[in-house]
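>>> structure for the following, please:
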Amino acid sequence: MKKKTFLVAIILVAVVVMSAVFVACVNTDLSDYSYPEGFEDVLSGYDLARAEDCDVRVMTFNMLVHMESWGGSEVPPRAKMFVKVLEEVKPDVIAAQEVCSDWHKVLEANIGDEYEIIEPKIDFINKNKTPVIYNKNTLDLIESGYTAYSEGDENGCRGITWGVFTVKATGKHFVLTSTHLDLIREGKEKEELGIMNTQADELLAKISELKSKYGGSVIACGDYNSLESGDTPAYDGKTYGEYAAMKIYEKLADSLVDVKYKEGLDIVCSDSSKAFAPTWDHIFVSGGANAEKLFILDDKVFEKMSDHFAVFADIIL
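Got it, this is the predicted structure:
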């Protein structure tokens with residue numbers, strides 16, 4: 001028995017060492033890379049001025065892992081773009097998804113003076129792919145945590161990362177969650193919808209728990225893999241039908257408010273036809289919070305950064 005335990009320990013140590021060596025090979029010097037043609041001009045063309053009464057600027061962004069099988073590519077060239085976006089957009093907090101170990105390594109080396117990643121690990125080996133990143137200069141972190149969903153893919157994506165923050169300038173506090181639900185796959189429609197439904201229930205229960213414990217506003221961000229409609233073309237021009245998982249969106253929207261549909265909302269994007277097109281990424285609020293301004297970095301040049309557009313909003317708490 002002792003020999004078996006010893007062997008398992010040796011294997012675990014080897015895995016940790018190999019993982020550390022692999023991650024250490026990622027180039028974190030972003031000066032070695034260039035921006036795509038036109039990137040800086042396009043970014044500077046957006047009106048990124050904050051709404052007058054904004055308490056907190058919140059971003060949700062699926063960064064896309066580096067794995068080719070997921071459609072990803074190497075992280076550093078894309079991270080160079082993201083760091084520039086942070087410099088220009090200046091979000092107070094980011095709900096991130098698909099933050100693989102390469103992303104963690106590069107971000108920690110390049111944004112650590114201003115931003116901090118909370119709940120970066122889901123265990124002593126694996127990185128949390130759905131962390132929250134906050135600006136240490138504008139927010140104080142009160143408490144944070146991570147809850148894995150009881151069902152769903154076992155790839156580090158399926159869980160809820162949350163943080164409780166105080167806005168330094170106003171003393172107002174809020175709770176923010178970041179999540180990434182499962183998706184409906186061909187041939188597994190009923191099964192996947194059931195899993196997503198369970199995850200949505202668990203997310204709403206966690207939000208209710210956090211709201212009860214901490215009070216104030218809750219901002220629930222993420223890649224929900226669910227569209228507002230399956231019949232209306234999405235932001236990418238495609239129509240997804242039952243794969244849109246709109247029942248999941250409807251469940252969430254029954255309990256939370258999607259800031260995109262506030263009457264009179266000021267929306268900044270390059271293509272107005274995409275402003276109200278269904279999207280997988282949503283910023284929901286509860287507890288009195290509301291949005292004054294919504295931004296979508298929707299120019300084609302940003303497709304070189306991820307297969308999702310960064311979405312952010314100026315929130316009044």
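
>>> for Cys269, which non-adjacent residue is spatially closest?
Once flanking residues are discounted, Cys269 sits nearest to Ile296: 4.1 Å by C-beta to C-beta, 6 or more residues apart in numbering. Heads up, the C-betas are built off the backbone N, CA and C, glycines and all.

>>> Thr279 too?
Tyr235 (4.8 Å).

>>> show me the contacts for that neighbour.
274, 277-279, 298, 309 (C-beta atoms under 8 Å, 6 or more residues apart in numbering).

>>> confidence-wise, which of those comes last?
Across the contacts of Tyr235, no position has a lower pLDDT than Lys274, which has 81.

>>> give me the neighbour count for that residue.
18 (other C-beta atoms under 10 Å).

>>> ok, Val167 next?
Quick note: Val167 (other C-beta under 10 Å) scores 16 neighbours.

>>> surely it meets Leu139?
Yes: judged on C-beta atoms under 8 Å, Val167 makes contact with Leu139 at a distance of 6.3 Å.

>>> circling back: ok, the contacts of Tyr235 vs Gly38, which is closest?
Gly38 lies nearest to Asp298 out of these, by C-beta to C-beta, at 14.4 Å.

>>> make CSV out of the contacts of Tyr235 and add distance to Leu204.
As requested, the contacts of Tyr235 are arranged in CSV below (distance: C-beta to C-beta, whole Å):
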residue, distance to Leu204
Lys274, 28
Ala277, 25
Pro278, 21
Thr279, 20
Asp298, 29
Phe309, 26
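
>>> so where's the stretch 101-250 of the chain uncertain?
Counting by pLDDT under 70, the stretch 101-250 of the chain contains no low-confidence segment.

>>> show me where it has strands.
115-118, 132-135, 139-148, 159-167, 173-180, 217-223 (DSSP state E, counting those that start in this stretch).

>>> for Lys129, see how far away the residue nearest to Cys269 is.
When distance is defined by C-beta to C-beta, to the nearest Å, Ile296 is 23 Å away from Lys129.

>>> mind giving me the PyMOL select for the contacts of Tyr235, buried ones only?
Buried members of those, defined by 16 or more other C-beta atoms under 10 Å, are picked up in PyMOL with:
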select buried, resi 274+277+278+279+298+309
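
>>> mind checking which of the contacts of Tyr235 are in helices?
Among the contacts of Tyr235, none falls in helices (DSSP state H).

>>> neighbours of Pro77, how many?
When neighbours are counted by other C-beta under 10 Å, Pro77 comes out with 17.

>>> quick one: the helices in the chain?
Using DSSP H, helices in the chain cover 2-24, 39-44, 75-89, 101-110, 189-214, 246-255.

>>> so which of these is nearest Gly230?
Across those, closest to Gly230 is helix 246-255 (C-beta to C-beta), at 5.2 Å.

>>> packing partners of that closest one?
helix 189-214, strand 281-286 (3 or more C-beta pairs under 8 Å, 6 or more residues apart in numbering; DSSP states H and E).

>>> can you say which of the ones you listed is packed in most?
Mean neighbours per residue, mean count of other C-beta atoms under 10 Å, is largest over the helices and strands packed on helix 246-255 for strand 281-286, with a mean of 23.

>>> that one pairs with which strands?
Here strand 281-286 has these sheet partners by DSSP bridges: strand 217-223 (antiparallel), strand 257-258 (antiparallel).
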